[in-house]
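Enquirer: Whatever this is, show me its structure:
(2 chains)
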Amino acid sequence: MAATPDIVFRGRRARTQGPVDNDATAVIAVEHLHKAYGATVAVDDVSFSVRAGEIFGILGRNGASKTTTVECLSGLRVPDGGRLDVLGLDPREDRRELHELVGVQLQESALPPKIRVGEAVELYASFYRRPADGDHLLGVLGLDEKRSSYFRELSGGQKQRLSIVLALIGQPEIAILDELTTGLDPGARRETWSLIEGVRDSGVTIVLVTHFMEEAEPLCDRVALIDHGKVIALGPPAHLGEQASTSRRVRLRASDQLPDDVLEALPEVSAVAHHGPDLVVIGSGNLVTAVVLAFDRAGLVAEDVRTETSTLEDAFLALTDAADADATAGGFER
Amino acid sequence: MSTTVATSSPSRRRAYRMLVLTELRLAWRTPSYLVAALAIPVLLLVIFGSIPSLTRPSKDYDGVSFFTIYTPTLMMVVLIFLGLLNLPSKMASYREQGVLHRMSTTPVPVSALLGAQVAINVMFAVVSIALLLGVGGGAFNLILPV
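Expert: Got it, this is the predicted structure:
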């Protein structure tokens, strides 16, 4: 623990050097990142910044260039264009220094099948100048009893927890975690989430790459939604939900059925659906008033009227669909 | 940055020692390669050494036995096995399993793992050759070049 001030010093010096972001607390700044493999554009134009001490989500569907973005940040791939700044370092130039300060857990990376958990932790600790206490980390992540197990004997959740241990063993300032909970059962996933929050509370900035909405929503302070190599939305998960709520949903129970076509005739309404006893009306504008008035005109009472706020999941689908439509339209023009 | 270089070298040495130790442990836990590299050449040596006609000095081989002539060939078999089969297949499986990918995110370059593999294979080669010379010279009349 006595060794930490040096890391803090390095980080602080680095941050004052980097004239990158208006945001004084930014630890990662990405500006117009571009990366292509031959004719395939993996990352088109991605910009975002990550603030110190937050959990930042990079969200997108499979193949939406999340991993390439993160690999550029980690210095594993050389971008074709744009500016990258991680703790004042250029991932292209200062890889070794970067890896001292940034712990990375990547997809499709693993350990030799017959290495024991304790040995792996000891080995990876030796890679860093100031390693954390490996035994303590194993205890925190509930792998105490697995210390002498082979890597191949671990369950999926235990492997992921070990990969968190290894990402944190160098006492990083930033931890980049890629698709951490993919393939885990819901219980293990929830457990992993609370672990990540614990890590953040210990002062580590976390970049979480995921395609699970239900993961980003409770966990992330801010989210960048990436699709087709571009950031299509950026902000706190709740705001993204609002951003996408061009369509509103009203759920209600009526004292008696009103024919669907009466509702569908209203200019505000785009669709009507029945969910058991509930009537769900989807539309835009002043939907609630229009629907309730329509019931009133028919002499019926609309009860238990609820407007449903759109979730990040809705936002995700709405925003990526819009991007899809743009892409298709572009294709036809040519 | 000069301080970085100064403080990094001891940790780099420690990392390299740990890598060599780990690779030795892993090799020990997958003994098929070790058996192939260490035991089979010695077994062949024992078989050849047990055939009387092969251990008799022969005019065809400048007055030494076929057994003596053939021992260096066995040593070469060991080196070929370690260098062309053991080491490359281990590195290939590390790549396939994502071990190299995982390590590439640490401050220690993947080349250190290759270095550790080279080191342990050199150790195996030395042990194997020492075994061949020891068994050949001790139990059979292997004539060492002077």
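Enquirer: Going by C-alpha atoms from here, please, whenever you check contacts or count neighbours.
Expert: Fine.
Enquirer: would you list every one of the helices in chain A?
Expert: For chain A, helices defined by DSSP state H occupy the ranges A:4-17, A:66-73, A:95-101, A:117-125, A:134-140, A:156-168, A:186-201, A:213-219, A:237-243, A:260-264, A:287-297, A:312-333.
Enquirer: Quick one: closest of those helices to chain B.
Expert: Distance to chain B, taken as Cα to the nearest Cα, is lowest for helix A:95-101 among the helices of chain A, at 4.6 Å.
Enquirer: Tell me the spacing between A:Glu153 and A:Val117.
Expert: Distance of A:Glu153 to A:Val117, computed by Cα to Cα, to the nearest Å: 10 Å.
Enquirer: Tell me who's in contact with the residue of chain A found nearest chain B.
Expert: Scanning chain A for proximity to chain B using Cα to the nearest Cα identifies A:Ser109 as nearest, at 4.0 Å. By Cα atoms under 8 Å, 6 or more residues apart in numbering or on different chains, the contact set of A:Ser109 is B:Gln97, B:Gly98, B:Val99, B:Leu100, B:His101, B:Arg102.
Enquirer: Tell me the bridge partners for the closest residue in space to A:Arg249 that isn't next to it in sequence.
Expert: Nearest residue to A:Arg249, sequence neighbours excluded (Cα to Cα, 6 or more residues apart in numbering or on different chains): A:Ile282, at 4.6 Å. For A:Ile282, the beta-bridge assignment (DSSP bridges) gives partners A:Arg249, A:Ala271.
Enquirer: what separates A:Ile282 from A:Leu266, distance-wise?
Expert: 11 Å.
Enquirer: Looking at the two, which is more packed in?
Expert: A:Ile282 (21 against 14; other Cα atoms under 10 Å in any protein chain shown).
Enquirer: pretty sure the residue nearest to A:Arg249 contacts A:Leu252?
Expert: No: in this structure, A:Ile282 is not within contact of A:Leu252 by Cα atoms under 8 Å, at 11.5 Å.
Enquirer: mind listing what the residue of chain B found nearest chain A touches?
Expert: Closest approach between chain B and chain A, counting by Cα to the nearest Cα: B:Gly98, at 4.0 Å. For B:Gly98, the contact set (Cα under 8 Å, 6+ apart) comprises A:Glu108, A:Ser109, A:Ala110, A:Leu111.
Enquirer: quick one, phi/psi of it?
Expert: phi 90, psi 10 (degrees, to the nearest 10).
Enquirer: can stretch A:67-74 be found next to chain B?
Expert: Yes: counting by Cα under 8 Å from any Cα of the partner chain, chain B is contacted by stretch A:67-74 at A:Ser74.
Enquirer: Go ahead and produce CSV holding the CA coordinates of that stretch.
Expert: Extracted C-alpha coordinates of stretch A:67-74, given in CSV (Å, rounded to 0.1, in the frame of the first residue of the first chain):
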residue,chain,number,x,y,z
THR,A,67,-14.3,-5.0,-28.9
THR,A,68,-12.2,-3.3,-31.6
THR,A,69,-12.7,0.0,-29.8
VAL,A,70,-11.6,-1.5,-26.5
GLU,A,71,-8.6,-3.3,-28.1
CYS,A,72,-7.5,0.1,-29.6
LEU,A,73,-7.8,1.6,-26.1
SER,A,74,-5.7,-1.3,-24.6
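Enquirer: tell me the mean pLDDT for that stretch?
Expert: Per-residue pLDDT over stretch A:67-74 has a mean of 90.
Enquirer: What lies in contact with that stretch?
Expert: Contacts of stretch A:67-74 (Cα under 8 Å, 6+ apart): A:33, A:35, A:42-43, A:77-79, A:84, A:86, A:91, A:95, A:98-99, A:102, A:104, A:176, A:178, A:209, B:105.
Enquirer: Kindly recompute the last result at 7 Å.
Expert: With contacts defined as Cα atoms under 7 Å, 6 or more residues apart in numbering or on different chains, stretch A:67-74 is touched by A:Ala42, A:Val43, A:Arg77, A:Val78, A:Pro79, A:Pro91, B:Thr105.
Enquirer: got it, and stretch A:252-265?
Expert: Residues contacting stretch A:252-265 (Cα under 7 Å, 6+ apart): A:269-272, A:277-280, A:300-306.
Enquirer: can you tell me the distance between the two ends of that stretch?
Expert: Termini of stretch A:252-265 sit 18 Å apart (Cα to Cα).
Enquirer: list the contacts for the residue lying closest to B:Arg56 once chain neighbours are set aside?
Expert: In space, not counting the residues next to it along the chain, B:Arg56 is nearest to B:Ser65; the distance is 5.2 Å by Cα to Cα, 6+ apart. Counting by Cα under 7 Å, 6+ apart, B:Ser65 touches B:Leu54, B:Thr55, B:Arg56, B:Pro57, B:Ser58.
Enquirer: Just among the residues you listed, which is most surrounded?
Expert: Taking other Cα under 10 Å to define a neighbour, the member of the contacts of B:Ser65 with the most is B:Thr55, carrying 19 neighbours.
Enquirer: Isn't it up against B:Phe67?
Expert: Yes: contact criterion Cα atoms under 7 Å: B:Thr55 and B:Phe67 qualify, at 5.3 Å.
Enquirer: Find residues that contact each of the two.
Expert: Jointly contacting B:Thr55 and B:Phe67 under the rule Cα under 7 Å, 6+ apart are B:Gly49.
Enquirer: Confirm for me that A:Glu54 is in contact with A:Gly203.
Expert: No: counting by Cα under 7 Å, A:Glu54 stays clear of A:Gly203, with 8.8 Å between them.
Enquirer: Please say which of the two ends up with more neighbours.
Expert: A:Glu54 (21 against 14).
Enquirer: Quick check: closest non-adjacent residue to that one.
Expert: Excluding its sequence neighbours, the residue lying closest to A:Glu54 (Cα to Cα, 6+ apart) is A:Thr205, at 5.3 Å.
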